[in-house]
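Peer 1: what's the 3D shape of this:
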Amino acid sequence: MRPQREGMRRASAVSTRHRGLAPGFGGSENWYADLVTAPAESKEARKNRVGIVFGGVSTEHEVSVTSATTLFHGLDLHRHVPILVGLDHAGCWWVAEPEAGLRPDNLIGSPAASKCRIALDGSLEFLGEDGKSALSAPLDILAPIIHGRWGEDGTLQGLFELSGLPYVGADVMASALCMDKVLAKRVLRDAGIPVLPGLEHARPSILEDPERVMDEIESQLPYPVFVKPTKTGSSVGVGKARTRGELGQCLKDAARFDHHVLTEPGYDVREIECAVLGGHEPRASLLGEILPDTEFYDYHAKYESPTTQLMIPALLSEELARKIRSLALLAFKATKCWGLARVDFFVERGTDRVFLNELNTLPGFTSGSMYPLLWQASGLELTELINRLLELALERDREKKQLVFRYEG
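Peer 2: Numbering: from 1, shown residues only. Now for the predicted structure:
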């Protein structure tokens, strides 16, 4: 299975050389200490019932299951109770209390789980076939880890907003914005953040008049070029074209996955990633570099190749690393993200020009995923990272309840 293969990827050369950020950036050398400080709780305090929402109908379903497994095992059981909430390929919901003894990888379809329909009745209800709640008590927090379309594009977040429950991660607007690579470029460019140039074409144009589309691309971008669906994750549908023939095929392939297709120049670059955590005052992790065993970091390299390596920390000058972390924080704020995001950059070889590639608002949490590995290398272990994400969800919920939504004159 893909998730198991992804687990074979290793973070190579994880060093203790840079356990903190440079002095003056994001705090002192012990800058991460406040991240692991949680409000004191008495032993009698009620545990939060955390709904771990995973699966989904997109091509990233299996990756989501593996990410959910990481969250499930990393959850602080002294403070939280894990409630499994799975969405299968057909769009059906499955839930289970801890007493069922299930895990994310065996929840969906299990006789011990409840197949449900959802209802909004002042909260998010999971109703069994008998019309009664499949849960013994309401959920307190939602921790979504559904990757890709209908998971991190604002759709699921809209459901959570209507439920009134606090949830981990970006809200509807930020999720939708970051999922759309072209709209995100416009916001980032307006914030002064360097991004790659690109051309976008609608699916009907590609299918009905591909010659005109290719003429336009060739007149503005030199080969090689990268062709990608505007709104997908995990490099699904991404291709590299060196000739007109390859360009035509890449356009058709990308148009299978989205209504719009983006074409960008294929510069010779290194792929650098940064993990961001926080709310109004986010923090940036150490940087990592992707070292794929293929020509570029495609779906195979991400999830199937056992030889793709992650270099943490990335071998960059302190000045360049500082610049990238600063840009990551600026992008997080410019797109109004919350909680977490993995910010991906390109660094051009020979010139060290930096381009922000994309923000991933629900990054993977598998054993080979950059986001948790970057925080681990920065001194924040998985359980404390999850605690912080849940606290950020509650923090935003508290702020939201202070707002006025109804004008009474």
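Peer 1: distance of Cys116 from Leu135?
Peer 2: 9 Å (Cβ to Cβ, to the nearest Å). C-betas here are computed from N, CA, C, even on glycine.
Peer 1: Pro372 is in what secondary structure piece?
Peer 2: Here Pro372 sits within helix 370-377, counting by DSSP states H and E.
Peer 1: Could you export that helix as PDB, CA atoms only?
Peer 2: Provided in PDB are the C-alpha atoms of helix 370-377 (Å, rounded to 0.1, in the frame of the first residue of the first chain):
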ATOM      1  CA  MET A 370       8.200  16.900   6.300                       C
ATOM      2  CA  TYR A 371       5.800  18.800   8.600                       C
ATOM      3  CA  PRO A 372       6.200  16.700  11.700                       C
ATOM      4  CA  LEU A 373       9.800  15.900  11.000                       C
ATOM      5  CA  LEU A 374      10.700  19.500  10.700                       C
ATOM      6  CA  TRP A 375       9.200  20.300  14.000                       C
ATOM      7  CA  GLN A 376      10.800  17.300  15.600                       C
ATOM      8  CA  ALA A 377      14.200  18.500  14.400                       C
END
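Peer 1: ok, and what's touching the next helix or strand after that helix?
Peer 2: Note on helix 370-377: by DSSP H and E, the next helix or strand toward the C-terminus is helix 382-400. The contact list for helix 382-400 (Cβ atoms under 8 Å, 6 or more residues apart in numbering) reads 35-36, 38-39, 48, 50, 70-71, 74-76, 79-80, 141-143, 165-169, 171, 277-279, 338-340, 372, 375-376, 380.
Peer 1: Between helix 370-377 and helix 382-400, find me the angle.
Peer 2: Going by axes from the mean of the first three to the mean of the last three Cα atoms, to 10 degrees, helix 382-400 is angled at 110 degrees with respect to helix 370-377.
Peer 1: Could you check how far helix 382-400 is from the centre of its chain?
Peer 2: Remark: helix 382-400 is offset 16 Å from the chain centroid, using Cα atoms, centre = their mean, to the nearest Å.
Peer 1: mind listing what's buried in that helix?
Peer 2: Along helix 382-400, these residues count as buried under the neighbour rule (16 or more other Cβ atoms under 10 Å): 382-393, 395-396.
Peer 1: same question, stretch 114-134
Peer 2: 114-116, 124-127, 133-134.
Peer 1: got it, and stretch 77-94?
Peer 2: Quick answer for stretch 77-94 (16+ other Cβ under 10 Å): 79-88, 93-94.
Peer 1: would you turn those residues into CSV with pLDDT and distance to Val354?
Peer 2: Converted to CSV, those look like this (pLDDT from 0 to 100; distance: Cβ to Cβ, whole Å):
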residue, pLDDT, distance to Val354
Arg79, 97, 39
His80, 98, 38
Val81, 97, 43
Pro82, 98, 39
Ile83, 98, 41
Leu84, 98, 40
Val85, 98, 39
Gly86, 98, 39
Leu87, 97, 37
Asp88, 96, 41
Trp93, 97, 42
Trp94, 98, 43
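Peer 1: Looking at those residues, which one is closest to Ser175?
Peer 2: Using Cβ to Cβ, the shortest approach to Ser175 within those belongs to Leu87, at 16.2 Å.
Peer 1: I figured the closest one was touching Val53, is that so?
Peer 2: Yes. Taking Cβ atoms under 8 Å as the definition, Leu87 is a contact partner of Val53 at 7.3 Å.
Peer 1: Need the overlap of contacts for the two.
Peer 2: Joint contacts of Leu87 and Val53 (Cβ under 8 Å, 6+ apart) are Ile146.
Peer 1: re earlier: any quick PyMOL command for the buried ones out of the contacts of helix 382-400?
Peer 2: In PyMOL, a selection of the buried entries from those looks like this (16+ other Cβ under 10 Å):
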select buried, resi 35+48+50+70+71+74+75+76+79+80+141+142+143+165+166+167+168+169+171+277+278+338+339+340+372+375+376+380
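Peer 1: So which of the contacts of helix 382-400 are in strands?
Peer 2: Using DSSP state E, the members of the contacts of helix 382-400 that fall in strands are 48, 50, 80, 141-143, 277-278, 339-340.
Peer 1: Strands of the stretch 1-150 of the chain, residue ranges please.
Peer 2: Remark: strands assigned in the stretch 1-150 of the chain by DSSP state E, counting those that start in this stretch are 10-12, 48-55, 80-87, 93-96, 114-120, 124-127, 141-144.
Peer 1: can you check the stretch 151-300 of the chain too?
Peer 2: 199-202, 225-229, 239-241, 260-265, 269-278, 283-291.
Peer 1: Redo the ones in strands among the contacts of helix 382-400 as a markdown table? Include distance to Gln220.
Peer 2: Output for the ones in strands among the contacts of helix 382-400, formatted as a markdown table (distance: Cβ to Cβ, whole Å):
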| residue | distance to Gln220 |
| --- | --- |
| Asn48 | 52 |
| Val50 | 48 |
| His80 | 51 |
| Ile141 | 47 |
| Leu142 | 43 |
| Ala143 | 43 |
| Leu277 | 38 |
| Gly278 | 38 |
| Gly339 | 37 |
| Leu340 | 35 |
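Peer 1: Of the residues you listed, just say which sits nearest to Phe160.
Peer 2: Leu142 (5.5 Å).
Peer 1: which one is the closest one nearest to, not counting chain neighbours?
Peer 2: Tyr167 (4.0 Å; Cβ to Cβ, 6 or more residues apart in numbering).
Peer 1: repeat for Gln220
Peer 2: Nearest residue to Gln220 in three dimensions, chain neighbours excluded: Leu199, at 6.2 Å (Cβ to Cβ, 6+ apart).
Peer 1: dump the residue contacts of the one you found.
Peer 2: 216-217, 220-221, 262-263.
Peer 1: May I see those organised as TSV, with distance to Val236 added?
Peer 2: Converted to TSV, the contacts of Leu199 look like this (distance: Cβ to Cβ, whole Å):
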residue	distance to Val236
Glu216	24
Ile217	21
Gln220	25
Leu221	22
Leu262	13
Thr263	16
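Peer 1: from these, which is closest to Thr366?
Peer 2: Checking the contacts of Leu199 against Thr366 by Cβ to Cβ gives Leu262 as the nearest, at 26.2 Å.
Peer 1: pLDDT below threshold where in this protein?
Peer 2: 1-44, 233-234, 294-306, 409 (pLDDT under 70).
Peer 1: now with 90?
Peer 2: 1-46, 58-60, 121-123, 148-150, 232-237, 292-308, 367-368, 404-409 (pLDDT under 90).
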